[in-house]
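Participant: When you get a sec, could you give me coordinates for this:
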Amino acid sequence: MATFTEYDEKRSDPYSDYYASITTKTVVLAWSTYTRRLFPELRKACLNHLDTAFLNNKEFSSEHRENYSMGKGIYLTVLEFIRNDWEVRKVIFFDESKKEKYVPLGEISHLV
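Facilitator: Numbering: from 1, shown residues only. Prediction:
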């Protein structure tokens, strides 16, 4: 799943060090049959949409491993990512007990 976030100037307050962002585009890139989060799988999924295809190249993307308690998990972004731009992550919306957790909403990517 890929999300594109932009800086929200209306809600941000730089004087108090509050920078808001808004998600303007969500794309479901691919479906997976297993739950492991691997960067090669994320890179391959990026090729399914024209806006995220450049993230397949390691020279233009960055791998983030934030597996600590307050981290965001494993995700792929552009090199200069701070808060705004493309972010690709694997979203698991069905667990072992077959309870629905989260179904992603957004544009479904057509295979290129």
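
Participant: okay, CA-based contacts and neighbour counts for the rest of this
Facilitator: Fine.

Participant: and the residue of the chain most remote from its centre, what are its phi and psi?
Facilitator: Largest separation from the mean C-alpha position in the chain: Y15, at 28.6 Å (C-alpha atoms, centre = their mean). Per-residue torsions, Y15: phi -70, psi -30 (degrees, to the nearest 10).

Participant: just the one 4 residues further on next, same as before
Facilitator: Phi and psi for Y19, reported as degrees, to the nearest 10, are phi -120, psi 110.

Participant: Neighbours of it, how many?
Facilitator: Neighbourhood size, Y19 [other C-alpha atoms under 10 Å]: 15.

Participant: now it: how far from T3?
Facilitator: As judged by C-alpha to C-alpha, to the nearest Å, Y19 and T3 stand 18 Å apart.

Participant: can you map out the helices along the protein?
Facilitator: 39-46 (DSSP state H).

Participant: from the chain's centre, how far out does the helix or strand bottoming out on mean pLDDT in it sit?
Facilitator: Every helix and strand in the chain was compared by mean pLDDT, DSSP states H and E; the lowest is strand 107-108, with a mean of 76. Distance, stretch centre to chain centre, for strand 107-108: 14 Å (C-alpha atoms, centre = their mean, to the nearest Å).

Participant: Would you mind measuring from the spatially most central residue of the chain to K10?
Facilitator: Closest to where the C-alpha atoms of the chain average out (C-alpha atoms, centre = their mean) is V88, at 2.6 Å. Going from V88 to K10 by C-alpha to C-alpha gives 26 Å.

Participant: and if you look at I74?
Facilitator: 30 Å.

Participant: quick one: low-confidence ranges for this structure?
Facilitator: Residue ranges of the chain with pLDDT under 70: 94-104, 110-112.

Participant: can you do 80?
Facilitator: 33-35, 71, 82-83, 92-112 (pLDDT under 80).

Participant: CA atoms of stretch 16-26 as CSV?
Facilitator: Presented in CSV, the C-alpha positions along stretch 16-26 are these (Å, rounded to 0.1, in the frame of the first residue of the first chain):
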residue,chain,number,x,y,z
SER,A,16,4.9,26.0,18.1
ASP,A,17,6.8,23.3,16.1
TYR,A,18,3.6,21.6,14.9
TYR,A,19,3.7,20.5,11.3
ALA,A,20,0.6,18.8,10.0
SER,A,21,0.4,16.7,6.9
ILE,A,22,-2.5,15.3,4.9
THR,A,23,-2.8,12.2,2.9
THR,A,24,-3.9,13.1,-0.6
LYS,A,25,-3.5,9.8,-2.4
THR,A,26,-3.7,6.1,-1.4
